[in-house]
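Undergrad: Pasting the sequence and the predicted model now:
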Amino acid sequence: MAGGDAGPTIAVIDDHPAIVAGVRAWCAASCPSIDVVAVGANVSAAWTHPGADADVVVMDLMLDEAAPAMGDLRRLADAGRRVVVYSMRTDDRTVLSSLEIGAYTYLTKAEGEQHLVAAIHAAAADLPYTAPNLAGSMYADSRKCRPRLTPREQNALMLWFRCESKEMVADRMGVSASTVNTYLDRVRIKYANVGRAAATKTALLARAMQDGLISLDEL
Amino acid sequence: MGRWYPAAWRCAVIVPSAVLAPLAVPGPATVVAAVVVICWSGVELTFFRHRPEKVLAVDVALVVAVCLTAPLTSSFEALVDATSWVVVVASITIVCCQPYTRMVAGTVAAACMTSAFVLGGWFAEPQRAVETVPLACWLFAEGLLCRWLYWLLRRGARIADDLTEEMSARRTEASAAAALRAGRREHLAALHDTAAATLLMVGLGVPSRTWVRRQAARDLRVLRGVDVADPSADLRTLLAEVCGDVAVFVPPDGGAPVNSGQAEAVTGATAEALANVARHAGGVTARVTLTGCARSGFTVRIEDHGKGFDPGAVHEQKRGVSESIIGRMAAVGGTATIQSAVGHGTTVTLRLPGTAGERVEAPRMVTGLRHAVLGLSAAGLFGVYLPPLLLSGRPSVTEMAAFALMAAALGAAAVRIWRGHRGFPWLSLLVVLIADVIVVVVVPTSALIGHSNWAYPAGGMLGVVLLIDRGLPPLTGFLVLHNVVSLVPVFVDGGPERAVALGTWAIIVMGLEIGIAGIAIALLGVRARAAAAVAEQDRLRTREVVHTQLAADRRARYAELAETVVPLLGGLAANRLDPSAPAVRQACAREAGRLRRLFAEADDVAEPLLHELRACADVAARRGIGVSLAVCGTSFELSAQERRALTDPVLAVLAAATGDSRIAVTVMADSVTVSVVAEVPPGAEFVMGSRDEGWGAARLGWRRRGSSVWLEATLDRPSP
């Protein structure tokens, strides 16, 4: 567990060298710095030393195959690994199924530069992180199993998806930026509480209750 | 087919045989009969057009009379042998009355005439009367076969007419649609080269004021030019104009006539290629070469020795090359290829198709006639000539070999028709002539006059089958050769006393063959004229449809641009607007984006809204502004007008943007929202353009925070 001054360690699973290089550069520049301990074109790099000990796994879903690697994602989540999905795919179904399976968060490749580092830090601390595209998918979610959201929470999701600026969302909603964050985090926790159980989801929930973000009654 | 052709044909056959009749059997009875028949033929030709039924009735009565009086005007041998004028008159009348009568009447008439023929034989030689029966049967069968032939012909003609009508309708539809597409493309390509390019340049802030003024004036002319050019033009002069003093033009030796569409495409594509040379090649002079002729097609090469580029690296959203050059040439059936490599210059090759490949449609109706004549030949060869030949005990092995050759030629003709071979039937014709020669050499002269000579009628008919669709000269040539080979040796050998019988017999045989050939040739003429008329009609109809729609289309587009692009260009052309003023540059950037979106609207894609938003983003990207596009929600359908209501505000904001921007599309069950967040420095407010209030039903909301502007356009969708 990353606690002290040393930043979290990550394993990067991506078959595209340019992406890996970009992730390395962002991680090196982050503070506290993130240590990329393993890199691989397939998911085995996250199961073997040194990747097996990484705090967070950053993973592309399209690993040389036609279909997204949902099975690999499921196995990692079931083993309690914190996975940040970082993918080209932007369709709502893939995004929401990844969460359902137990991914910590979902980032599209276009969101990497602004959100990847923050998402890794959040995941390492078992904190929720919602980038705009994920918010859009949650907002457009029309499945039966979707959690019950308040109108303010829905509004926050929608505005965050559209403008990618917490300050502007706060402006629009007439609240502070930290309240916007609270809305987004609560939505994420509600998502963790529905559907199949996963070790990662439990960790998220536990941390949220510990921090007083959400109470048992609200779930 | 003229209704009187068969009557004329009948007279043409009967008159010479009647003239020969008194020579064969001299005597007053023959002369009187011949004169009556000849006179009646004159009357028939005069009145047939007006009262064909009555004339035919008299015809049949006259033939019955001629048959019954045969003992007075002909020898019995000639009757049996088919060398009598009575046989000529009877057979041609039986054949010719078929097209004018119904089934029952025609059959009864044929039966009456054949019975009269047998009866005439009985009057002449009661004991040998039975000998006339085989020929009588053939005459009757010939009548029925001809009836079948006419039926086929009429049916074929009907089918052909239906097909022609249907094809013509489809052709009009297809060519109108193609021409419309081509016309739209052409107009869009013209806009791309002119207005869109100028506005983009002003938006970028590159050009000088005089350049802008000149370009804007030219663009307005193009925009207003709704006229459709003259029908044909000469590429030589047009390309010389396009090249002007910016490129070296190498003209061909002769003229280069093309139609107006092709001229527009080639000059437009050449102008675009030259503009690319000026923009990218780095100060070199291009060379434009025109080669080819109208038949083989024309080729234009635009070469430069400039910097060149990597064709694989061209962004797919860049429309210059694909639309203005390749699309334009494809729209008029031509091709364009672009060869380039970094450091080795660029060669653009434009090709127009020639006229050599065009072909006149094959005449269908003649095929029907051909089938009928083939059937007639086969029935004659195997049904009429073969049994008596086998029964006579005469044939040698050589004669049977000749018969086999003739049968083989018939089979080959059938295969040709079946497979649709189009080559000239040299081999088959040669085989027929060889069979002719064998028969003349091995069969005794006495058996070569009249019905016992199978080769002469069978060979002639085969010639007709093989050459029926080749026009008159080859058929005449073959028939002359065939007659010379078959008849001259018999005539020389038989002496003058057999000449009349030979002549009469030749008239019977040739009468049928020439008659059929005449019908075929007449049909070919009618078909060609009809096809030409249909083609001309098609052309006119298509042109009218295209003109109307294209004009309406362009008027609509002009009206659309009249409120936005036209005033802007007008201001620039008249020097009223300063192209370096930020507001003007921003307006130009916005309108360039609108035009770019207009081109995107013409594309056929699955998600048009996203496609058009990408087009808007592309124009911004050319100004160095990164735009990301995010979508949430499921697929949706919007009209072009609704899409514009959503994309117009985006264009306005992007035109004012100075930094990276985000476009987000949210699709809900009851609404679609396009949101754009962009860096727009305070003070450089964005201008919505002249249609602020006209954005359909889209609700707009926007706010600013620091240097960021956030605008949302929402369109409510009625719930289904």
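TA: Nice, thanks for sending it over.
Undergrad: So B:G282 is in contact with B:K307, correct?
TA: Yes: in this structure, B:G282 is within contact of B:K307 by CB atoms under 8 Å, at 4.8 Å. From N, CA and C alone the C-beta is placed, and that goes for glycine too.
Undergrad: Shouldn't B:L481 be within a strand?
TA: No: under DSSP: H, G, I helix; E, B strand; the rest coil, B:L481 sits outside any strand and is assigned helix.
Undergrad: Could you report the distance from it to B:L433?
TA: Taking CB to CB, to the nearest Å as the measure, B:L481 falls 7 Å from B:L433.
Undergrad: Which residues are in contact with A:H115?
TA: A:107, A:129, A:131 (CB atoms under 8 Å, 6 or more residues apart in numbering or on different chains).
Undergrad: In chain A, which residue sits nearest chain B?
TA: Chain B sits closest to A:G136 of chain A, with a gap of 3.2 Å, by CB to the nearest CB.
Undergrad: Tell me, how many residues neighbour that residue?
TA: 26 (other CB atoms under 10 Å in any protein chain shown).
Undergrad: Let me see the confidence value for it.
TA: Looking at A:G136, its pLDDT reads 92.
Undergrad: so which strand or helix has it?
TA: Per DSSP states H and E: A:G136 is located in helix A:132-139.
Undergrad: Residue 36: what's it in contact with?
TA: Because you didn't say which chain, this covers chain A. A:9-12, A:23-24, A:27.
Undergrad: actually it's chain B I care about, not the one you picked
TA: B:L62 are the contacts of B:V36 under CB under 8 Å, 6+ apart.
Undergrad: can you pull the buried residues of stretch B:340-353?
TA: Within stretch B:340-353, the residues that count as buried by 16 or more other CB atoms under 10 Å in any protein chain shown are B:340, B:345-352.
Undergrad: Farthest pair within those?
TA: Distance extremes for the buried residues of stretch B:340-353: the farthest pair is B:G345 and B:L352 at 23.6 Å, using CB to CB.
Undergrad: re earlier: contact partners of the helix holding A:G136?
TA: A:90, A:92, A:95-96, A:99, A:105-108, A:110-111, A:130, A:154, A:156-158, A:160-162, A:164, A:184, A:187, A:191, B:630-633, B:664, B:666.
Undergrad: Counting neighbours, which of the residues you listed end up buried?
TA: A:90, A:92, A:95-96, A:99, A:105-108, A:110-111, A:130, A:156-158, A:160-162, A:164, A:184, A:187, A:191, B:630-633, B:664, B:666.
Undergrad: Next step: these restricted to strands.
TA: A:105-108, B:630-632, B:664, B:666 (DSSP state E).
Undergrad: Which single one of those residues is nearest to B:R128?
TA: For those, the nearest to B:R128 is B:V631 (102.2 Å; CB to CB).
Undergrad: just to revisit the earlier point, could you export the contacts of A:H115 as a markdown table, including distance to B:H50 and pLDDT?
TA: Formatted as a markdown table, the contacts of A:H115 follow (distance: CB to CB, whole Å; pLDDT from 0 to 100):
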| residue | distance to B:H50 | pLDDT |
| --- | --- | --- |
| A:L107 | 95 | 93 |
| A:Y129 | 102 | 93 |
| A:A131 | 95 | 94 |
